[in-house]
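# Quick one, fold the following:
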Amino acid sequence: MKFFIEKRRSDFKKGFTLIETFVAITILIISIVGPLTLVMKSLSISKTTKAQITAMYLAQDGMEYVRNIRDENILTGNNWLLGLGDCVGVGAKCIVETSDHRNVDSCSTTCSPLNFNSDSKIYGYDSGDPPTVFTRTININEITLSQEVLVTVTMDWKEGPRDGVFVIEEHMLNWQ
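This next block holds a predicted model:
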């Protein structure tokens, strides 16, 4: 009879070893999945941050273009908003080719996305380059007739399930 009792104790030890194995595997899986989840989340955040930074620089590029046109017009004695007429007015939207001087086009409902030239690393509207997720629109509203305008540059982009929007505004004066 003693033989059967000892056998039961050894069966109990074998079963306990199996439970220990399952617990160890569970702890191992949790310890691996946790850091992998953090890595995936941080990669997603870095991709979003890169898009935001790119949008900020493209918006600033559009604002500098409008400022350059204004300054050039004033220095040559022209109307300070000459060449930006498609952008002026409530609800008016336009796109500007910042790499090409005085290239302003109106876009009524939807503006075309910027293209990216992988050789020159420049964003623009050259039809030979592949389109990006970024769309830049510019609107100029007159606040004081022939004296002050509000320039709004809006960057829209869509990456994956999220939409991004970045807007900058600046009051520009006719310093003539």
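# alpha carbons only for contacts and neighbour counts from here, please
Fine.
# Quickly note the distance from the residue nearest to the spatial centre of the chain to residue 162.
Residue closest to the average C-alpha location in the chain (Cα atoms, centre = their mean): residue 51, at 3.1 Å. Shown here: residue 51 relative to residue 162, a distance of 11 Å by Cα to Cα, to the nearest Å.
# Excluding sequence neighbours, find me the nearest residue to residue 146.
With sequence-adjacent residues excluded and distances taken as Cα to Cα, 6 or more residues apart in numbering, residue 146 is closest to residue 174, at 6.9 Å.
# That neighbour is in contact with residue 145, isn't it?
No. Contact criterion Cα atoms under 8 Å: residue 174 and residue 145 do not qualify, at 9.9 Å.
# More neighbours: which of these two?
It is residue 174, of residue 174 and residue 145, that has more neighbours when counted by other Cα atoms under 10 Å, with 16 against 9.
# where do the strands sit along the protein?
94-96, 104-106, 115-117, 122-124, 134-144, 148-159, 162-173 (DSSP state E).
# In this protein, where is pLDDT below threshold?
1-16 (pLDDT under 70).
# rerun that using 80 as the cut-off
1-16, 100-102, 108-109, 160-162, 176 (pLDDT under 80).
# And the helices in it, which stretches?
2-76 (DSSP state H).
# circling back: could I get the phi/psi values of the residue nearest to residue 146?
Dihedral pair for residue 174: phi -80, psi 100, per degrees, to the nearest 10.
# Now do the contacts for it.
70, 74, 80, 146, 147, 148 (Cα atoms under 8 Å, 6 or more residues apart in numbering).
# Any idea how far stretch 29-38 is from the middle of the chain?
28 Å (Cα atoms, centre = their mean, to the nearest Å).
# okay, now residue 153: neighbour count?
With other Cα under 10 Å as criterion, residue 153 counts 26.
# Burial check on residue 29, number of neighbours?
11.
# Quickly list what the residue nearest to residue 122 when sequence neighbours are not counted is bridged to.
Leaving aside its sequence neighbours, residue 122 sits nearest to residue 116 (Cα to Cα, 6+ apart; 5.9 Å). Residue 116 forms beta bridges with residue 123, as assigned by DSSP bridges.
# pretty sure residue 116 is touching residue 134, no?
No. With contacts counted by Cα under 8 Å, residue 116 stays clear of residue 134, the gap being 9.8 Å.
# hey, what's in contact with both of the two?
Contacts common to residue 116 and residue 134, judged by Cα under 8 Å, 6+ apart, are absent.
# So what's the residue count around residue 155?
Residue 155: 25 neighbours (other Cα under 10 Å).
# separation between it and residue 112?
Applying Cα to Cα to residue 155 and residue 112 gives a distance of 12 Å.
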